[in-house]
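# structure here, sequence nowhere to be found:
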């Protein structure tokens, strides 16, 4: 099958097309013909070699952490899905570095799979899993946002930030976010109550007495400074020091855990149009396509998700 791989750590130029073996599925897995996948910041960090300590993989490496597609094969113990089902997922992270989703086919464990609602395109479905689950787990499970609470979401125009704003609004929170002025109206349209242009203002000059902060940019000190004494902070970009935790012991780092049940809840909200999926751009599953997609991700100028579509896409 065709995939886009890296043979070394480095720039986007390391990404290139290759022919690799179709994954062999275990008895609790299915094989999915990938209709769409997406690019996430973690892909860029791994490609650059910044996550060697986390992922001790052998080259070639197939990146990619999201997918939507059609099941073409099922394992002997798979009970709730069948060949022909349209699904989406954030697959497990395999030690086999050739099982990423920048490929025509991918293996997924049954408990990570979700049936794709008919009114969600393959592109939008592939844009949900990693960013959406990260936002869900931070806002709902870690910060435990309640109606009426005040939440700051740093960098609201990113994939995670957009989901976080909408999930928090669904829960009844007052949501403030930061972005550049060009994204102001978009984030207001998604439900943000207050949008701060970080080019012009510091949050510490404008905000105080907040219940929670979702830090996506490693600005932990600034986030802690605006919290109530009982406030909570969760970061996906830094690691709170012991000194920082002295005033706010609940401050913590969080890493996404793949979860099919939570993804199904997100999919239902998207299907009901309670949460919108914003796609910045779509690229082909080619050398040129992935290189351009990674460069766009690195620029931090994308508004929403960057989606990759293989040539087998016929949605």
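Perfect, thanks for sending it. Computed from a prediction, not measured in an experiment: that's the story for all the values here.
# do you know how far residue 223 is from residue 205?
Counting by Cβ to Cβ, to the nearest Å, the gap from residue 223 to residue 205 is 14 Å. From N, CA and C alone the C-beta is placed, and that goes for glycine too.
# so for the two, which sits in the more crowded spot?
Summary of the neighbour comparison: residue 223 and residue 205, criterion other Cβ atoms under 10 Å, with residue 223 having more neighbours (29 against 9).
# quick check: phi and psi on that one?
Backbone geometry at residue 223, expressed as degrees, to the nearest 10, gives phi -60, psi -40.
# grab the nearest non-local neighbour of it.
Here the nearest residue to residue 223 in space, its sequence neighbours aside, is residue 213; by Cβ to Cβ, 6 or more residues apart in numbering that works out to 3.8 Å.
# pretty sure the one you found contacts residue 228?
No. In terms of Cβ atoms under 8 Å, residue 213 does not count as a neighbour of residue 228; the distance is 10.6 Å.
# what about those two, which has more around it?
When residue 213 is set against residue 228 and neighbours are counted by other Cβ under 10 Å, the residue ahead is residue 213, at 29 against 14.
# bridge partners for that one, pull those for me.
The residues paired with residue 213 through beta bridges, assigned by DSSP bridges, are residue 152, residue 233.
# contacting residues for it?
The contact partners of residue 213, taken as Cβ atoms under 8 Å, 6 or more residues apart in numbering, are 151-152, 154, 223-224, 226-227, 231-234.
# export those residues as a markdown table, with columns for distance to residue 106 and pLDDT.
Rendered in a markdown table, the data for the contacts of residue 213 read as follows (distance: Cβ to Cβ, whole Å; pLDDT from 0 to 100):
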| residue | distance to residue 106 | pLDDT |
| --- | --- | --- |
| 151 | 34 | 98 |
| 152 | 36 | 98 |
| 154 | 31 | 97 |
| 223 | 36 | 97 |
| 224 | 40 | 97 |
| 226 | 41 | 98 |
| 227 | 40 | 97 |
| 231 | 40 | 97 |
| 232 | 35 | 97 |
| 233 | 35 | 98 |
| 234 | 29 | 98 |
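# between those residues, which is nearest residue 99?
Nearest to residue 99 among those: residue 234, at 28.7 Å, using Cβ to Cβ.
# what's around that closest one, how many residues?
Counted with other Cβ under 10 Å, residues neighbouring residue 234 total 22.
# who's in contact with it?
Shown here is residue 234, whose contacts under the criterion Cβ under 8 Å, 6+ apart are 138, 142-143, 212-215, 251-254.
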